[in-house]
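Asker: what follows is a predicted structure for the sequence shown.
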Amino acid sequence: MENKIEEGIRIGTFNIRRDTLLDGPYDLWKQRKKTCYEIIETFDIVAVQDANKNQLNDIIEHLQIKDVIDNSEDETNEKKKLIEKKIYYESSTGEDDGEYLGIIYNTNKFECIDQGKFWLSEERMFPSKSWEATRERHVIWCKLKVKQNKDQEEEEEKTIDQIARTEFFIFTTHLDESERSRRMASITIREMMDKMLMTTWEEHEMDEIPIAFFVMGDFNCTNTSIVYDYFLKGHSPNETRKQRGSFHSNEGETDSDSDEDEDIDMIDTRTDYRTPTFTGYSEPKYNMDASTFRDCILPKTISGPRGTSEGTSTDFILVTKRAPIKLHECEVVETLTPEKRFPSTHRPIALTFSFK
């Protein structure tokens, strides 16, 4: 089946670091934004975290995005122009002063057939926080479809294989510093994935469609953490069933004796962790080895020089294990500003994949 994807699809996650005067005098947004633009432009799809609204406005202006999917904005456009990029973004507080997450995608290759957001709290559908979170944390998602030639779209009968190779989900989030909040967030995200998967099956009146879910962002933990294990399998091999039951019971949830749902089990697309993504440490006490950095709390504010390779990896691109894709390359983007500084406290991760 021919479609508009002739080569691999390049997706990425990038914590661009909020615009703050604390990063002066060398690392203010105005000094690093051009390098951020250059990095963002290399992706077919990229999720950004920890953004202020003015930063997203700068990105929109630079990329000349004419159509913005933003529920708080007026969607009226006097003139429709050829659009190469679209962005969907939402604030963590529902107000301009919140942290923004954004998903930018190439409209020549993809169309967004659904999108939305939910909060990582007991009250998922409006701005809120729970489980000892330091502030409101949310997830935004897009359901994307690979564009096809019109003739093929009309003529071909939809099959399980066709749907699985053209429709997929992108989730992005920025998890809290609180370990309890992060663990409950991983459970919440898996539950929402399961619901969306069931909805997709119902829409197509077909079961067992192996839809790909990409979950990416800044998890504020490493691949040695229990939270990371929860994302992959819904539990941790370092916990006993009794411990899991106690944890869920304390959170007002029910522990089941059945196996976890394999349809939403995930794998990490990155296998080489020698290059850290979180490099914003300014004091030696934060330069921890990944083997000892499990669920410790990260500093809330990172300032100071970014020109160091020390740090650890807290950024991920996970994908459902059953997804019909081939992973080509997953790398940490090491682009520096002209002044040889990091353009953010986090290095982006880039994944290239194709549908099988």
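Answerer: Nice, thanks for sending it over.

Asker: any weak-confidence spans in this protein?
Answerer: Regions of the chain meeting the criterion pLDDT under 70 cover residues 1-6, 66-83, 150-157, 238-260, 280-311.

Asker: 80 instead, please
Answerer: 1-7, 65-83, 149-158, 236-261, 279-311 (pLDDT under 80).

Asker: all helices for it, in order.
Answerer: Remark: helices of the chain, listed N- to C-terminal, are 29-40, 53-63, 150-155, 160-164, 179-204, 226-233, 241-250; assignment by DSSP state H.

Asker: what's the closest of these to residue 117?
Answerer: Closest to residue 117 of the helices of the chain, according to CB to CB: helix 179-204, at 10.4 Å. Bear in mind the C-beta positions are built from the backbone N, C-alpha and C, glycine included.

Asker: returning to what we had before: out of the helices of the chain, deepest packed?
Answerer: Mean neighbour count (mean count of other CB atoms under 10 Å) peaks for helix 226-233 among the helices of the chain, with a mean of 21.

Asker: who's in contact with that helix?
Answerer: The set of residues that contact helix 226-233 without belonging to it, under CB atoms under 8 Å, 6 or more residues apart in numbering, is 175, 179, 182-183, 185-187, 189-190, 215, 219, 221-222, 235-239, 260, 265-268, 294-295, 316, 318.

Asker: with only the CA atoms kept, save it in PDB.
Answerer: Taking only C-alpha atoms (Å, rounded to 0.1, in the frame of the first residue of the first chain), the coordinates of helix 226-233 have been written out as PDB:
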ATOM      1  CA  ILE A 226      10.100   1.700  39.500                       C
ATOM      2  CA  VAL A 227       8.100   4.400  37.700                       C
ATOM      3  CA  TYR A 228       9.800   3.400  34.400                       C
ATOM      4  CA  ASP A 229       8.900  -0.200  35.100                       C
ATOM      5  CA  TYR A 230       5.300   0.800  35.600                       C
ATOM      6  CA  PHE A 231       5.200   2.500  32.300                       C
ATOM      7  CA  LEU A 232       6.500  -0.600  30.500                       C
ATOM      8  CA  LYS A 233       4.400  -3.400  32.200                       C
END
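
Asker: and the angle from it to helix 179-204?
Answerer: Relative orientation of helix 226-233 with respect to helix 179-204: 10 degrees, computed using axes from the mean of the first three to the mean of the last three CA atoms, to 10 degrees.

Asker: chain center to helix 226-233: distance?
Answerer: Mean-position distance between helix 226-233 and its chain equals 15 Å (CA atoms, centre = their mean, to the nearest Å).

Asker: mind listing what the residue lying closest to residue 122 once chain neighbours are set aside touches?
Answerer: Across the structure, with CB to CB, 6 or more residues apart in numbering as the measure, the residue nearest residue 122 apart from its sequence neighbours is residue 130 (4.5 Å). For residue 130, the residues meeting the contact criterion (CB under 8 Å, 6+ apart) are 120, 121, 122, 123, 181, 184.

Asker: and the two most separated of the residues you listed?
Answerer: In those, the most distant members under the criterion CB to CB are 123 and 181, with 14.0 Å between them.

Asker: ok, the contacts of residue 130 vs residue 29, which is closest?
Answerer: Ranking these by separation from residue 29, with CB to CB as the measure, puts residue 120 on top at 26.0 Å.

Asker: sorry, back to before: against residue 121, how distant is the residue nearest to residue 122?
Answerer: Between residue 130 and residue 121 the distance, using CB to CB, to the nearest Å, works out to 4 Å.

Asker: pull the CA atoms of stretch 86-105 into CSV?
Answerer: The C-alpha atoms that make up stretch 86-105 are tabulated as CSV, following Å, rounded to 0.1, in the frame of the first residue of the first chain:
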residue,chain,number,x,y,z
LYS,A,86,0.4,22.2,12.9
ILE,A,87,0.7,22.4,16.6
TYR,A,88,-1.7,21.3,19.4
TYR,A,89,-0.9,22.7,22.8
GLU,A,90,-2.5,23.0,26.2
SER,A,91,-1.6,24.6,29.5
SER,A,92,-1.3,22.7,32.8
THR,A,93,-3.5,25.2,34.6
GLY,A,94,-5.8,26.1,31.8
GLU,A,95,-4.4,29.7,32.0
ASP,A,96,-1.6,31.5,30.2
ASP,A,97,0.7,31.2,33.2
GLY,A,98,0.7,27.4,33.2
GLU,A,99,3.3,25.0,31.8
TYR,A,100,2.6,24.2,28.2
LEU,A,101,2.9,20.9,26.4
GLY,A,102,2.9,20.9,22.6
ILE,A,103,2.8,18.4,19.7
ILE,A,104,4.0,19.7,16.3
TYR,A,105,3.5,17.6,13.2
